[in-house]
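1. Below are the sequence and a predicted model; questions follow.
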Amino acid sequence: MNFRHVRTGLGASLRTYARTPVLLALLVILPAYMLGVFGWILPETTVSVSLSGGESVRASMSTVYLTLLTPMTGALVGAIAGLFLMQSTREADGRLVITGFSPGSVIAARLGVLVLVGVLVTAVTVGVATTMISPDALAAFALATVLGTVIYALLGALAGLVVGRLAGVYLVLFGTMIDLFLLQNPLATDTPTLATWLPGSPPVELALEAMFVGDLAMAPLARGLGMILVVGVLATAAFALRR
Amino acid sequence: MPEVARRERFTLGLTTSLKEFLRQPLQVVLLLALPPLVVEAYGQAMASFPALPFMGSMPATLGRINGAVFAAAFLAGLVGLFQVIAAVEADERLELAGFGRLELFARRLGTVLVVSLLAAGTSLAALLWQVDVAAPLAAYGALALAAGLYGLLGMLIGVALPRELEGSLVLVFLADSDDVLASGLANIDAPLTDLTPLHYPHAIFSAAVTDGSVASGDVTGGLAYLAVLGVAALAVYSVSLGQGGVLS
């Protein structure tokens, strides 16, 4: 991998983003709208929440759902950004490789953009969420959102390389809903074991621990980083095969 | 132009749009395979929830009901969005060649409606596999209404934000909020939820599946929503068509 190539690719991608103010505005407004609306209308009913260690805590429904929706919102934005980034730059990336950029450098540059989108979305979502909830470990809570955003951004990028845009958006919406909102929902009492191996598990587990226990849970963090590595390798392989 | 020739031209345009959609095998697979997958995945995922007091049905059934509504609606919404964005330049040229704006809009809407009816059919078929539906015709009507509403919403967003990334982001966030609100997992009872696009079709569909009843208030509300979205989509489409596909 050539770092000068990575920097050039990253700079070009960021300039493209900066040239589309509507997109930048949407990246801020939509997550804020989602969390703001739900924070406003969710009931304060107390519910029991199952944590990963088997213990359960009681909290208001609005707190539980805002904890779940924060990484989920990041994942949604990340996945859409990843999907369209790979789709829109596919031809240009192919030409970059012809001019001497390695597939790894191109993917690293695109990944850099996705990480920066993840940081921006995390700043917005965590900023809005903390006006309504107070996580015991704020940094770990923010890390959970970045993790969710980056894992799903890579999955979106993979989808962008393998299926078309229409199919990709469809998969993104239902993938995030089924994985994060249904299978990782802490109100569920009989979650299948398979759910632990899904990409939504590490960020949600990390967010719940940060919110209700006040810890940075190392096990889900390690699993999440492992997932980033695996999906990153798959996306690079898909890119190398498709160009 | 004589009425017969105009009708022939409209039919030709509509069939061309449909052929364009069906020519891509992945889109046909989406239409046929994804609704059953989504319905079943929602059902299986919701089965892990306890039967909470505020849920209208058993969790697995509730999940399949939600899955059917969203599978039908979101597919139509995406087709509406992508079709309008892809057709901006072609429609501009067709208008210059003498096609009326209403005719062009009706042609795009026709494709979305056909896809909506098909998506509603596959979603209902997937639900029937696992759930006894009390009133299948009313259930199909509710799914078609849901798909029609999202199809129009997709068209409206596609005209207002004629870029796939931005349009998809808005549509996905709208659908996601709708999905969370209608999931029955949060016991939300705020008047704001009556304004979400799927509030009425979801209520009609749930009642049609579980007890076979159809509330006239929900039908009226859903059709009124459809009419308002249709007029808004036509108005925005007409304005943008004279300005190179952009609103300002």
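-> Structure's in. What do you need?
2. pretty sure residue A:90 contacts residue A:242?
-> Yes - contact between residue A:90 and residue A:242 holds when scored by Cβ atoms under 8 Å: they sit 7.5 Å apart. C-beta here means a position set from N, CA and C on the backbone, and glycine is covered the same way.
3. Could you pull out the strands in chain A for me?
-> A:46-50, A:56-60 (DSSP state E).
4. Save the ones you listed as JSON lines, and put in mean pLDDT and mean neighbour count too.
-> Written out in JSON lines, the entries for the strands of chain A read as follows (pLDDT from 0 to 100; neighbours: other Cβ atoms under 10 Å in any protein chain shown):
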{"stretch": "strand A:46-50", "mean pLDDT": "84", "mean neighbour count": "16"}
{"stretch": "strand A:56-60", "mean pLDDT": "88", "mean neighbour count": "15"}
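5. so can I have TSV of those strands showing distance to chain B?
-> Output for these, formatted as TSV (distance: least, Cβ to the nearest Cβ, whole Å):
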stretch	distance to chain B
strand A:46-50	8
strand A:56-60	11
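6. and the spatially most central residue of chain A, what is it in contact with?
-> If you average the C-alpha coordinates of chain A and look for the closest C-alpha using Cα atoms, centre = their mean, you land on residue A:149, 1.5 Å from that point. The neighbours of residue A:149, taking Cβ atoms under 8 Å, 6 or more residues apart in numbering or on different chains as the test, are A:71, A:74-75, A:77-78, A:114, A:117-118, A:121-122.
7. Over to residue B:155?
-> Counting by Cβ under 8 Å, 6+ apart, residue B:155 touches B:80-81, B:83-84, B:108-109, B:112, B:233, B:237.
8. Any idea how many residues pack against residue B:226?
-> By other Cβ atoms under 10 Å in any protein chain shown, the residues close to residue B:226 number 18.
9. Next: residue A:192.
-> Residue neighbour count, defined by other Cβ under 10 Å, stands at 14 for residue A:192.
10. Pretty sure residue B:209 sits against residue B:134.
-> Yes - when contacts are counted by Cβ under 8 Å, residue B:209 is listed as touching residue B:134 (6.3 Å).
11. Of these two, which one has the most company?
-> Neighbours per residue (other Cβ under 10 Å) separate residue B:209 from residue B:134, with residue B:209 holding more: 26 against 14.
12. Which SSE is immediately downstream of the helix or strand encompassing that one?
-> Using DSSP states H and E, residue B:209 sits in helix B:199-210. Sequence order places helix B:216-241 as the next helix or strand after helix B:199-210, per DSSP H and E.
13. Tell me the confidence at the residue nearest in space to the middle of chain B?
-> Residue closest to the mean C-alpha point of chain B, counted by Cα atoms, centre = their mean, is residue B:147 at 2.5 Å. We have a pLDDT of 93 for residue B:147.
14. what does the one 10 residues further on give?
-> Each residue has a pLDDT score; the one for residue B:157 is 93.
15. Please apply the same query to residue B:184.
-> Looking at residue B:184, the pLDDT reads 69.
16. Give me the below-cutoff pLDDT ranges for chain A.
-> Along chain A, the model assigns pLDDT under 70 to residues A:243.
17. related to what we said a few turns ago, who wins for neighbours among the contacts of residue B:155?
-> Using other Cβ under 10 Å as the neighbour definition, the contacts of residue B:155 reach their maximum at residue B:80, which records 32 neighbours.
18. circling back to that earlier point, distance to residue B:158 added to the strands of chain A, as CSV?
-> Output for the strands of chain A, formatted as CSV (distance: least, Cβ to Cβ, whole Å):
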stretch, distance to residue B:158
strand A:46-50, 39
strand A:56-60, 39
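19. Of all those, which one is nearest residue A:94?
-> For those, the distance to residue A:94 is smallest for strand A:46-50, at 47.1 Å, taking Cβ to Cβ.
20. Which strands or helices does that closest one pack on?
-> Under the contact definition 3 or more Cβ pairs under 8 Å, 6 or more residues apart in numbering or on different chains; DSSP states H and E, strand A:46-50 sits against strand A:56-60, helix A:61-88.
21. What residues does residue 139 make contact with?
-> Picking chain A for this. Listed by Cβ under 8 Å, 6+ apart, the contact set of residue A:139 reads residue A:216.
22. if you could check chain B rather than the one you did, that'd help
-> B:124, B:127, B:133, B:205, B:208-209.
23. I'd like to know how far it sits from residue A:242.
-> 41 Å (Cβ to Cβ, to the nearest Å).
24. now residue B:58
-> Relative to residue A:242, residue B:58 is positioned 44 Å away (Cβ to Cβ).
25. now residue A:51
-> Here the distance between residue A:51 and residue A:242 works out to 41 Å (Cβ to Cβ).
26. circling back to that earlier point, give me the common contacts of residue A:90 and residue A:242.
-> Applying Cβ under 8 Å, 6+ apart, one finds that residue A:90 and residue A:242 are jointly contacted by residue A:161.
27. coming back round to it: from the contacts of residue A:149, which is closest to residue A:206?
-> Of those, the one sitting nearest to residue A:206 (Cβ to Cβ) turns out to be residue A:71, at 7.9 Å.
28. who touches that closest one in this structure?
-> For residue A:71, counting by Cβ under 8 Å, 6+ apart, the contacting residues are A:144-145, A:147-149, A:180, A:200, A:203-204, A:206-207.
29. what's the closest of those residues to residue A:165?
-> Nearest to residue A:165 among these, with distances taken as Cβ to Cβ, is residue A:149, at 19.9 Å.
30. Give me the number of neighbouring residues for residue B:189.
-> For residue B:189, the number of neighbouring residues by other Cβ under 10 Å comes to 9.
31. hmm, back to that, let me know the closest of the contacts of residue A:149 to residue A:96.
-> Each of the contacts of residue A:149 was checked against residue A:96 using Cβ to Cβ; the closest is residue A:114, at 17.1 Å.
32. Now the closest one. Nearest residue, chain neighbours left out?
-> Closest residue to residue A:114 apart from its sequence neighbours, by Cβ to Cβ, 6 or more residues apart in numbering or on different chains: residue A:153 at 3.9 Å.
33. Roughly how far does that neighbour sit from residue B:161?
-> Noted for residue A:153: a distance of 21 Å to residue B:161, by Cβ to Cβ.
34. can you check residue A:106 too?
-> Residue A:106 sits 28 Å away from residue B:161 when distances are taken as Cβ to Cβ.
35. just residue B:228 next, same as before
-> Per Cβ to Cβ, residue B:228 is found 19 Å from residue B:161.
36. Tell me, how many residues neighbour residue A:168?
-> For residue A:168, the neighbour count with other Cβ under 10 Å is 27.
37. I am assuming it contacts residue A:156, so please confirm or correct that.
-> Yes - Residue A:168 lies in contact with residue A:156 (Cβ under 8 Å); the separation is 7.0 Å.
38. hey, what's in contact with both of these two?
-> With the criterion set as Cβ under 8 Å, 6+ apart, the overlap between the contacts of residue A:168 and residue A:156 is residue A:83.
39. helices or strands up against the top helix by length along chain B?
-> Scanning chain B for the longest helix, with DSSP state H as the assignment, gives helix B:101-130. In terms of contact count using 3+ Cβ pairs under 8 Å, 6+ apart, helix B:101-130 is assigned the packing partners helix B:3-22, helix B:25-46, helix B:59-86, helix B:88-96, helix B:136-160, helix B:216-241.
40. Could you dump the ones you listed into a markdown table and include distance to residue A:128?
-> Formatted as a markdown table, those follow (distance: least, Cβ to Cβ, whole Å):
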| stretch | distance to residue A:128 |
| --- | --- |
| helix B:3-22 | 38 |
| helix B:25-46 | 27 |
| helix B:59-86 | 25 |
| helix B:88-96 | 34 |
| helix B:136-160 | 23 |
| helix B:216-241 | 28 |
